[in-house]
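Enquirer: pasting a predicted model and its sequence here:
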Amino acid sequence: MTVSMVETRAAFIDQFGRSKRKLRISVTDRCNFKCVYCMPEHPEWMKKHQILSFEALFQFCQFMVQNGIEYIRITGGEPLMRQGVVHFVAELQKLKKIGLKQISMTSNGHYLKKYAQDLKRAGLDSINVSLDSLDAIQFFQLTQKQLAPVLEGIQAALAVGLPLKINSVLIQGQNHEQIIPLVQWAKDLAIPLRFIEFMPLDGDRHWNAEHVVSEQQILDTLASKFNVQAIQEQSRSPARQYWVDGHQIGIISTITHAFCGECDRLRLTAQGEFYNCLFATQGQALKTEIEQLQTKQNASLLKQKLESYIWNKKAGFHAIQAQQTYRKISMHMIGG
C-alpha cells in the first residue's frame with residue numbers, strides 16, 4: 001500500500017456546519033460476545049466476499065484523510081477477531097504524513113492479552129475496552145463470556161504502555177449498581193472511565209427508555225460516595241467530564257443530554273455501507289465505489305456522493321427518533 005503525498009483538503013461538512021474529522025471503520029461484524037444492547041438474538045454473519053479487503057479499506061482511509069479526516073477508530077464487531085488487523089494498524093501509520101493524527105480501536109478486550117504488545121508496536125495510539133460489570137456472574141449474563149480474560153487483557157495493555165479507556169454501558173435493573181465499584185476500580189488503576197447511557201442500537205428493538213440510567217442518576221450515585229465536580233473546560237468529546245475524588249470520569253448521555261450539536265463523526269461498516277450518523281435510518285452502499293477508488297475519476301465521483309449524503313445529515317438523535325423510522329441494523333455491524 002502506497003500513500004500519495006496529497007495535501008489535506010477541507011473536511012466534509014453537513015447542513016448544520018459541522019465539519020467531519022473522525023471516521024469509524026468496522027472491519028468485521030463478527031463478535032465472540034453477545035451483549036444484550038448490541039447483538040441480536042440470531043445474528044446473520046457476513047460472508048468473507050461481502051467484506052471489504054484491508055487494501056480497499058486503506059484506500060478509503062487515505063481518501064478520507066485527504067478530505068479532512070484526522071482521527072480513525074477501528075471497530076467491529078470485535079476487530080481483533082479479524083486476521084490481519086494489527087498489520088492494518090501499522091499500514092495506517094503512513095497516513096500520518098498527510099494529516100492523520102490518531103489511530104484508535106474499540107474492543108471487548110477478550111483477545112487483548114494476546115495482541116496488546118503487537119498493537120503497541122504497530123503504533124496504535126489508544127484502545128477503548130468495553131467493561132460493563134466487575135461481577136463475574138453478572139458479566140456472563142450480559143455477554144455470555146468470562147470476565148477474567150478481559151481483566152487480563154486490560155492488565156496486558158497497561159503493562160506495555162498502551163493508552164486505555166474503559167467504556168461501561170449502564171442498564172437499569174441489570175448492572176446499574178456497578179457505578180461505584182467501576183469508579184473505585186478505575187481510580188485504583190488510574191484508568192479513564194466513561195459511562196454510557198443505554199441507547200436504542202439493537203436491531204431486534206428491545207430497547208426501552210425505562211432501562212436508561214441517566215447522567216443525573218449516575219451523578220447522584222457518585223455523589224453518595226465521592227466528591228464530584230464538573231470540569232469547566234470540556235473537550236469536543238461526546239462525554240461530559242467530571243472529577244470524581246480527583247479522578248476523571250466521563251458520561252456519554254445521548255438520551256438525556258445529546259451531544260449531537262458538535263458531532264464530527266462518520267462511519268463505515270465492514271461491507272462498505274457508509275453512515276453519516278450512528279442512528280441514521282439509511283446508509284449509503286459504497287462497496288463498489290471504494291473498491292474502484294484507484295483512479296482520480298472514481299475518487300471524484302465518490303467525493304460527490306459523500307458530499308451530498310453528509311450534507312443531509314440530520315440534526316441528531318432526537319430529530320431522527322421523532323421521525324419514527326427504524327432500521328434493521330445492530331451496534332455490532334456499525335461499530336461504537
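Expert: Looks like it came in fine.

Enquirer: need the pLDDT of residue 201.
Expert: Residue 201 is assigned a predicted lDDT (pLDDT) of 59.

Enquirer: so which helix or strand takes in the most far-flung residue of the chain relative to its centre?
Expert: Here the chain has its C-alpha centre computed as a mean, and the residue farthest from that point, by Cα atoms, centre = their mean, is residue 297 with 31.4 Å. Counting by DSSP states H and E, the element that carries residue 297 is helix 296-311.

Enquirer: and that helix, what does it pack onto?
Expert: With contacts defined as 3 or more Cβ pairs under 8 Å, 6 or more residues apart in numbering; DSSP states H and E, helix 296-311 has these neighbours: helix 54-65, strand 284-285, helix 287-291. C-betas here are computed from N, CA, C, even on glycine.

Enquirer: which secondary structure state is assigned to residue 196?
Expert: Classification of residue 196 into helix, strand or coil gives strand, according to DSSP: H, G, I helix; E, B strand; the rest coil.

Enquirer: beta partners of it?
Expert: Residues found in beta-bridge contact with residue 196 (criterion: DSSP bridges) are residue 169, residue 252.

Enquirer: so what's it up against?
Expert: With contacts defined as Cβ atoms under 8 Å, 6 or more residues apart in numbering, the neighbours of residue 196 are 167, 168, 169, 170, 251, 252, 254.

Enquirer: need the pLDDT of the last one.
Expert: Model confidence at residue 254, expressed as pLDDT, equals 80.

Enquirer: now the first one
Expert: Note for residue 167: predicted pLDDT of 96.

Enquirer: residue 260 now?
Expert: 81.

Enquirer: how near is it to residue 245?
Expert: In this structure, residue 260 lies at 31 Å from residue 245, with Cβ to Cβ, to the nearest Å as the measure.

Enquirer: shaky segments in the stretch 1-150 of the chain?
Expert: Low-confidence segments of the stretch 1-150 of the chain, defined by pLDDT under 70: 1-9, 39-42.

Enquirer: for it, what spans make up the strands?
Expert: Taking DSSP state E, counting those that start in this stretch, the strands of the stretch 1-150 of the chain run over residues 22-26, 71-75, 102-107, 126-130.

Enquirer: of these, which is nearest residue 174?
Expert: Of all the strands of the stretch 1-150 of the chain, it is strand 126-130 that lies closest to residue 174, at 14.5 Å by Cβ to Cβ.

Enquirer: chain center to the closest one, what's the gap?
Expert: In terms of Cα atoms, centre = their mean, to the nearest Å, the gap separating the centre of strand 126-130 from the centre of its chain is 9 Å.

Enquirer: quick one: contacts of it?
Expert: Contacts of strand 126-130 (Cβ under 8 Å, 6+ apart): 35, 102, 104-109, 112, 119, 150, 153-154, 157, 162-169, 336.

Enquirer: contacts only, for residue 112.
Expert: For residue 112, the contacting residues are 80, 127, 129, 150, 152, 153, 154, 156, 157, by Cβ under 8 Å, 6+ apart.

Enquirer: now do the same contact list for the closest residue to residue 242 other than its chain neighbours.
Expert: Nearest residue to residue 242 in three dimensions, chain neighbours excluded: residue 249, at 5.1 Å (Cβ to Cβ, 6 or more residues apart in numbering). The contact partners of residue 249, by Cβ under 8 Å, 6+ apart, come to 183, 186, 192, 193, 194, 195, 222, 241, 242, 243.
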